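Asks: mind looking at a prediction? Sequence and model below.
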Amino acid sequence: MPVRSHILPVIVFSQFCCTSLWFAGNGVMASLVATYDLPSSALPHLTSAVQFGFICGTLVFALLTISDRYSPSRVFFISALFGALFNGLTILDFNTFATLISWRFATGFFLAGIYPVGMKIASDYFDKGLGKSLGFLVGALVLGTAFPHLLNQWTGSLPWKSVLIITSILAILGGTLILILVPDGPFRRKSQKLQFSAFFKVFSAPDFRSAAFGYFGHMWELYAFWAFVPVMLTTYKSLHPQATFSIPLWSFLIIGAGSLACIAGGYLSQLFGTKRTALTALSLSGICCLISPVAFMSGSQLVFLIFLLCWGMVVIADSPLFSTLVAQNAIPENKGTALTIVNCIGFSITIFSIQLLNVLQNNIPVQYIFLALLIGPLTGLLSAKSRKKNLLRPDQDAFQTQ
């Protein structure tokens with residue numbers, strides 16, 4: 001059954017619009033700190049609040065099997081509306097550190113109905129070539145994540161609240177487009193009843209577990225890297241006062257470059273296999289963790305920025321590939337729940353890595369703290385290597401039972 005040509009572009013654009021909510025607070029962090037007299041540790045706490053909200057949201061969505069029992073497009077739309085609302089509340093004048101944490105938590109909660117549900121919608125439409133389709137989808141997530149930094153650069157002469165207002169408007173637009181233009185897909189298998197056991201049942205398959213644990217290793221590194229990109233750039237400027245680059249602009253470019261890597265990874269997976277491509281990207285990001293202290297020593301800001309651009313690409317390139325493997329090895333009627341569960345656990349891991357970097361930066365020079373991110377790639381590689389059967393032919397998708 002041919003898929004209408006507008007489906008993937010609409011899903012991708014809507015995902016970009018809605019996931020711009022994710023780092024909207026980070027994009028205006030300096031203004032938030034100054035306006036509400038926040039503590040210096042606000043960055044990791046506000047970032048972790050979004051992550052923790054997302055974790056709680058995915059846990060609720062998974063336990064109630066929401067995206068398998070109800071129309072994923074409607075779930076996406078409703079989640080986008082609530083996410084936009086709570087993101088918008090961040091601009092209220094009476095906010096305190098506690099209320100800001102609450103609004104960011106609530107925004108993260110409803111992102112659970114956007115990111116994994118968006119992947120579920122895509123998997124309901126694209127049975128073959130799912131890796132390429134999710135490459136575009138996760139690429140949109142990356143651009144959405146980076147976009148607030150670019151907005152902060154563009155709106156430098158405007159009130160910082162405009163960044164949050166624009167991202168909320170985009171989220172409403174994205175949710176509306178999904179509701180109107182993307183009905184339930186032809187490969188959707190609706191779950192007819194509430195299945196609390198599905199949360200545990202999905203991990204019964206060894207191939208699914210292996211794909212999931214590869215994703216978990218990737219997640220240890222990813223969001224900690226994204227959250228600390230501005231810190232990396234600020235640290236380099238303090239070590240090399242002659243550096244003249246714009247921190248908001250380069251934060252956007254470094255994070256946003258990952259969108260191209262996601263798309264390229266999707267195409268490469270069709271040539272070399274999904275697992276092989278994912279493990280290559282995971283290995284390269286691990287190498288970046290390892291040599292990061294050396295990069296800070298470089299007297300050339302161009303060399304440093306190119307290094308971060310490369311890291312920003314390989315750190316995310318494996319994400320749509322591991323998600324593809326998770327979707328392909330999940331029980332069909334629990335596919336949405338499986339994706340949501342894996343997201344739930346993966347984002348739980350990000351809180352620990354973000355907070356670990358926060359502790360380390362208060363105790364050792366910042367240029368050395370990113371060595372701790374190497375734990376993720378190493379763990380993911382060891383887990384994935386434990387299932388070798390699919391490193392056979394370029395046309396095979398790794399982990400998938402043949």
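Replies: Okay, I see it.

Asks: tell me the contacts of Pro377?
Replies: Contacts for Pro377 (CB atoms under 8 Å, 6 or more residues apart in numbering) come out as 217-218, 221, 282-283, 285-286, 289. Backbone N, C-alpha and C define where each C-beta goes, glycine included.

Asks: how far away is it from Arg69?
Replies: From Pro377 across to Arg69, the span is 36 Å (CB to CB, to the nearest Å).

Asks: check contacts around the closest residue to Val315 other than its chain neighbours.
Replies: The shortest distance from Val315 to any residue that is not its chain neighbour, by CB to CB, 6 or more residues apart in numbering, is 4.6 Å, and that residue is Ser285. For Ser285, the contacting residues are 218, 221, 311, 314-315, 318, 377, by CB under 8 Å, 6+ apart.

Asks: could I get the residues you listed as a markdown table with pLDDT, distance to Gly265 and secondary structure?
Replies: As requested, those are arranged in a markdown table below (pLDDT from 0 to 100; distance: CB to CB, whole Å; DSSP: H, G, I helix; E, B strand; the rest coil):
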| residue | pLDDT | distance to Gly265 | secondary structure |
| --- | --- | --- | --- |
| His218 | 93 | 12 | helix |
| Glu221 | 95 | 16 | helix |
| Trp311 | 97 | 15 | helix |
| Val314 | 96 | 9 | helix |
| Val315 | 95 | 12 | helix |
| Asp318 | 91 | 7 | coil |
| Pro377 | 95 | 15 | helix |
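
Asks: buried only: go through the residues you listed for me.
Replies: 218, 221, 311, 314-315, 318, 377 (16 or more other CB atoms under 10 Å).

Asks: sketch out the low-pLDDT regions of the chain for me.
Replies: 1-4, 127-130, 154-158, 185-204, 331-336, 385-402 (pLDDT under 70).

Asks: quick check: Asp37 vs Asn95, distance?
Replies: Applying CB to CB to Asp37 and Asn95 gives a distance of 11 Å.

Asks: more neighbours, the two?
Replies: Each of Asp37 and Asn95 has its neighbours counted (other CB atoms under 10 Å); Asn95 has more, 18 against 9.

Asks: secondary structure element for Tyr267?
Replies: For Tyr267, the host element (DSSP states H and E) is helix 247-272.

Asks: my guess is Trp282 contacts Gly217, does it?
Replies: One thing to correct before we go on: residue 282 is Leu, not Trp. Yes: checked against CB atoms under 8 Å, the pair Leu282 and Gly217 is within contact range at 6.9 Å.

Asks: common neighbours of these two, please.
Replies: Counting by CB under 8 Å, 6+ apart, the residues touching both Leu282 and Gly217 are 377, 380-381.

Asks: follow-up on the earlier one: okay, the contacts of Pro377 in JSON lines with distance to Ile254 and secondary structure next?
Replies: Written out in JSON lines, the entries for the contacts of Pro377 read as follows (distance: CB to CB, whole Å; DSSP: H, G, I helix; E, B strand; the rest coil):
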{"residue": "Gly217", "distance to Ile254": "21", "secondary structure": "helix"}
{"residue": "His218", "distance to Ile254": "17", "secondary structure": "helix"}
{"residue": "Glu221", "distance to Ile254": "14", "secondary structure": "helix"}
{"residue": "Leu282", "distance to Ile254": "19", "secondary structure": "helix"}
{"residue": "Ser283", "distance to Ile254": "20", "secondary structure": "helix"}
{"residue": "Ser285", "distance to Ile254": "13", "secondary structure": "helix"}
{"residue": "Gly286", "distance to Ile254": "18", "secondary structure": "helix"}
{"residue": "Cys289", "distance to Ile254": "15", "secondary structure": "helix"}
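
Asks: helix or strand: which one has the residue nearest to Leu85 when sequence neighbours are not counted?
Replies: The shortest distance from Leu85 to any residue that is not its chain neighbour, by CB to CB, 6+ apart, is 7.5 Å, and that residue is Ser168. Assigned by DSSP H and E, Ser168 falls within helix 161-181.

Asks: Ser31 too?
Replies: With elements delineated by DSSP H and E, Ser31 resides in helix 29-36, which encompasses its position.

Asks: what helices or strands is the helix or strand that that helix is followed by leaning on?
Replies: From helix 29-36 onward toward the C-terminus, using DSSP H and E, the following helix or strand is helix 42-63. When contacts are defined as 3 or more CB pairs under 8 Å, 6 or more residues apart in numbering; DSSP states H and E, helix 42-63 packs onto helix 24-27, helix 29-36, helix 97-111, helix 115-125, helix 198-201, helix 206-239, helix 335-361.

Asks: closest one to Val163 among the ones you listed?
Replies: In this view, the helices and strands packed on helix 42-63 are compared for proximity to Val163 by CB to CB, and helix 24-27 is the closest at 5.5 Å.

Asks: what comes into contact with the closest one?
Replies: Residues lying outside helix 24-27 but in contact with it, judged by CB under 8 Å, 6+ apart, are 32, 43, 46-47, 50, 87, 90, 100, 104, 107, 147-149, 151-152, 163-164, 167, 227, 230, 248.
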